[in-house]
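**Student:** A structural model of the following input is requested.
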Amino acid sequence: MAAVSIRQIKKTYPGTGLTILKGIDLTIPDGSLTVLVGPSGCGKSTLLRTLAGLEKPDSGEVRIGDRDVTTLEPRDRDIAMVFQSYALYPHLTVRENLAFGLKLRGTPQADIDARIAEVAPQLKLDELLERLPRALSGGQRQRVAMGRAIVRRPSLFLFDEPLSNLDAALRGEVRVEIRRLHEKLGATMVYVTHDQVEAMTLADQLVVLNGGVIEQAGPPLEVYGKPKTRFVASFLGMPPMNFIDATIEGRVARAPGLSVQLPKSFDVRDVTIGIRPQDVRPNEEAALDLRFELVEGLGFESHVHGRLGDDGAPFIARLEGDEGRKIPKWGKLGLSVSPTDVHVFDRATGRALS
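**Tutor:** I've put the predicted structure just below:
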C-alpha cells in the first residue's frame, strides 16, 4: 500500500474555459479510506480520474508512494478502479472476470487460482464463480467488480460512485462490506460519492469539494461538528442546517423570532447563525419562536417545518420520539438551543467564526 500526495493540481477542459480543479493540495495517508464528496460539478470525479491517469492535469504533481506518476499511463500506476457501471465482461463467468486482469499481466495460473480462492469468500462470491454477470443481482455484480480490483493487490484502490446504481437497501449492505473490506485489507482507498451518508460512514478522512477547491478535509465527525464554511455546514447533515441572518449585540445574536446566546464574543456585527435541526428542544422559555406549518412524522422522530417569528427565516426542527406528536397541527413552538451548538459565520465571506 502507499500514501498519495497531490500538489497544486489544476485542470481546465479545452475549448470550454472551465477550470474544474483550481490548485488542489491533498495528502492521503497510507492505509486510509479517503472520501471525496461534494455536489455535481465540484471536481471530485475529475480529481479521481487524475489519480487514475485517465485525465492529465494542466499543472501540478501526483505521487503514489515515492513515485511521481503525474505523466504515467493508468496501467503503469499500480492502481485498481471500481466504476459505478460495474464494467464486467458479459460473456465471461465471475471466475473469468476476476482472473482477467491477472492473465493480462502474465500471472501464473496457480497464483490466479489462489488469489480468487482467497477473495471470493470475503465477498460472498464463492458460490457464484461459474455464473455469468446476467445471472447476478446488482449487488452481486458490484461485489465482482470489487473482487476484480482486490485480486490485483494494487498500491491504491479508486472507487467512482460504486453504489449509485443500487437501491437503498443494497447500498447499505455493500457500504458495510466496503468498510469491512478496508479494515481487513488495510488498503489505501479513495472513494468518490455525492451521498453524505456514504461519506460520513465510510471515511477515515473526509474531503469536501466545491467549485474546484477543497473547502475542508479531516475526520468526518470533526468536519461535521466544526464546519469551516457555510457551504460545508449546509452540505453535511439531514435535514440540513438552518441559517439565519442575524445581528450580534454583546454575546447575543438577534433576528426575527430568534435571540440566542453565543459561545463567545465576536468582533463582527452582521453574521449568519447556523443551527442544526437536531440541536433544538421544545422550551417555554424560548430562544427561538417557531411558527410551524408542517410536521413530518417518521416514527422515531419528527421534522417540524416553519418560520421564525411572523415573517422570519425558514426553520426545521428535528424532534425525537414522542416530542413531535405532542404539538398541535398548527401554531407556535418555543425552542431552545445550547450556545455550544450555535455556529457563527461571517455573512460576507461564509467563513466560520466560531
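
**Student:** now stretch 53-71, how far from the centre of its chain.
**Tutor:** Counting by Cα atoms, centre = their mean, to the nearest Å, stretch 53-71 is centred 23 Å from the centre of its parent chain.

**Student:** should've said stretch 128-143
**Tutor:** From the chain centre to the centre of stretch 128-143 is a distance of 27 Å (Cα atoms, centre = their mean).

**Student:** contacts for it, please.
**Tutor:** 82, 86, 88-95, 97-98, 116, 120, 123-125, 144, 162-163, 165-167, 170, 173-174, 177 (Cβ atoms under 8 Å, 6 or more residues apart in numbering). In this view, the C-beta of every residue, glycine as well, is placed from N, C-alpha and C.

**Student:** what's the first-to-last distance across it?
**Tutor:** End-to-end span of stretch 128-143 (Cα to Cα, to the nearest Å): 11 Å.

**Student:** is Arg45 in a helix, a strand, or coil?
**Tutor:** Slight slip there: residue 45 is Ser, not Arg. Per DSSP: H, G, I helix; E, B strand; the rest coil, the local secondary structure of Ser45 is helix.

**Student:** quick one, which of the contacts of stretch 128-143 are buried?
**Tutor:** Buried by 16 or more other Cβ atoms under 10 Å: 82, 86, 88, 93-95, 97-98, 116, 120, 123, 125, 144, 162-163, 165-166, 170, 174, 177, out of those.

**Student:** list the ones among those that fall in strands.
**Tutor:** When DSSP state E is applied, the buried ones among the contacts of stretch 128-143 are split such that Val82 fall in strands.

**Student:** can you map out the helices along this structure?
**Tutor:** 44-52, 94-104, 109-122, 138-150, 168-185, 196-202, 220-225, 230-235 (DSSP state H).

**Student:** format those helices as JSON lines; extra columns: mean pLDDT and distance to Leu294.
**Tutor:** Listed next are those as JSON lines, based on pLDDT from 0 to 100; distance: least, Cβ to Cβ, whole Å:
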{"stretch": "helix 44-52", "mean pLDDT": "95", "distance to Leu294": "34"}
{"stretch": "helix 94-104", "mean pLDDT": "92", "distance to Leu294": "49"}
{"stretch": "helix 109-122", "mean pLDDT": "92", "distance to Leu294": "46"}
{"stretch": "helix 138-150", "mean pLDDT": "89", "distance to Leu294": "35"}
{"stretch": "helix 168-185", "mean pLDDT": "85", "distance to Leu294": "24"}
{"stretch": "helix 196-202", "mean pLDDT": "92", "distance to Leu294": "23"}
{"stretch": "helix 220-225", "mean pLDDT": "97", "distance to Leu294": "26"}
{"stretch": "helix 230-235", "mean pLDDT": "96", "distance to Leu294": "21"}
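
**Student:** looking at the ones you listed, which is nearest to Ser302?
**Tutor:** Closest to Ser302 of the helices of the chain, according to Cβ to Cβ: helix 196-202, at 20.1 Å.

**Student:** by contact count, what packs against the closest one?
**Tutor:** Here helix 196-202 touches strand 33-37, helix 168-185, strand 189-193, helix 220-225, going by 3 or more Cβ pairs under 8 Å, 6 or more residues apart in numbering; DSSP states H and E.

**Student:** before I go, just wanted to say thanks for your time.
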